[in-house]
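**Student:** quick one, what's the 3D model for this:
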Amino acid sequence: MRNTLITASIVALSVAIVPACATKGFVREEVGAVNTKVDTLGGTVEQTQSRVGQTEQRIGVVDQKAEAAGKAATDARAAATDARSAADKAQASATAVGGRVDTVAAQVAAEAAASRRLVYEVTLSEAQGNFKFGAAELPDMAKARLDEVIARLKGASQNVYLEIEGHTDNVGSVELNERLGLERAEAVKRYLYEQHQIPLHKMNVISFGEEKPVSPNTTRDGRAQNRRVVVKVLS
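**Tutor:** Below you'll find the predicted structure:
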């Protein structure tokens, strides 16, 4: 009986110890697996930190380049602004000088004209079969009259100067009529230069546009008389 109890106790103790041993082995295996994963994760974290560090370095380089580019752009804008300011000043100076030159030239021309004496003048108008409405082309009849003027001048011995005035009626804008009057005067000047070799410095053209009518613009005939070129012969 006593042996039986001892045997039963040993069997029971063996049964109790075996599960305990099995549980510790399982735990050790699981702990090992976890440690392996932790080690792997630690390596991954280190690699990630290394890549982050490299990325931050590259970002730092890019920031430096961007800052340098921004400074260069700012300097370029400042240089462009200075250049534009200098150009504006130069243009203003040139305009001022040009204005003074024009003023002096106008004064000289006015003084020269004032010192000259009118010998005679010739009028070329549509009423006489010459300039048509809105046209600047020199008609044949006008050319014939100019030929007569030049023939008359060649027979004279005095030194003369020609002042050619362009005039229009009041149809159209003031700017248009001023330009048309100048074109008519220039047409006469060009003909005298090309056909009769009158020196250009001996001729001056001016446009009065619609400013100096010789007849009321209220009638067709009056407007025709106002569309004219006046050639003044001065000595």
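
**Student:** what's the first helix or strand after whichever helix or strand Asp82 is part of?
**Tutor:** Secondary structure here is read from DSSP states H and E; on that basis Asp82 sits in helix 2-115. Using DSSP H and E, the helix or strand that follows helix 2-115 in sequence is strand 118-125.

**Student:** helix or strand right after that next one?
**Tutor:** Next along the chain after strand 118-125, taking DSSP H and E as the criterion, comes helix 140-154.

**Student:** packing partners of that following helix?
**Tutor:** In this structure, helix 140-154 makes packing contacts with strand 118-125, helix 174-196, strand 228-234, judged by 3 or more Cβ pairs under 8 Å, 6 or more residues apart in numbering; DSSP states H and E. C-beta: built from backbone N, CA, C; applies to glycine.

**Student:** most packed of those?
**Tutor:** Mean neighbour counts were compared across the helices and strands packed on helix 140-154 using mean count of other Cβ atoms under 10 Å; the top stretch is strand 228-234, at a mean of 22.

**Student:** for that one, packing partners?
**Tutor:** For strand 228-234, the elements it packs on are strand 118-125, helix 140-154, strand 161-167, helix 174-196, judged by 3+ Cβ pairs under 8 Å, 6+ apart.

**Student:** partner strands of the helix or strand that comes right after the longest one and their direction?
**Tutor:** Moving toward the C-terminus from helix 174-196, the first helix or strand encountered (DSSP H and E) is strand 203-209. According to DSSP bridges, strand 203-209 has the following sheet partners: strand 161-167 (parallel).

**Student:** show me what Ser207 is bridged to.
**Tutor:** For Ser207, the beta-bridge partners are Gly166 (DSSP bridges).

**Student:** which residues touch the spatially closest residue to Glu137 that is not a sequence neighbour?
**Tutor:** Distances taken as Cβ to Cβ, 6 or more residues apart in numbering place Ala187 nearest to Glu137, at 6.7 Å, with adjacent residues excluded. The neighbourhood of Ala187, defined by Cβ atoms under 8 Å, 6 or more residues apart in numbering, consists of 136-138, 229.

**Student:** pLDDT for those residues - can I get that in a markdown table?
**Tutor:** Formatted as a markdown table, the contacts of Ala187 follow (pLDDT from 0 to 100):
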| residue | pLDDT |
| --- | --- |
| Ala136 | 74 |
| Glu137 | 78 |
| Leu138 | 81 |
| Val229 | 92 |
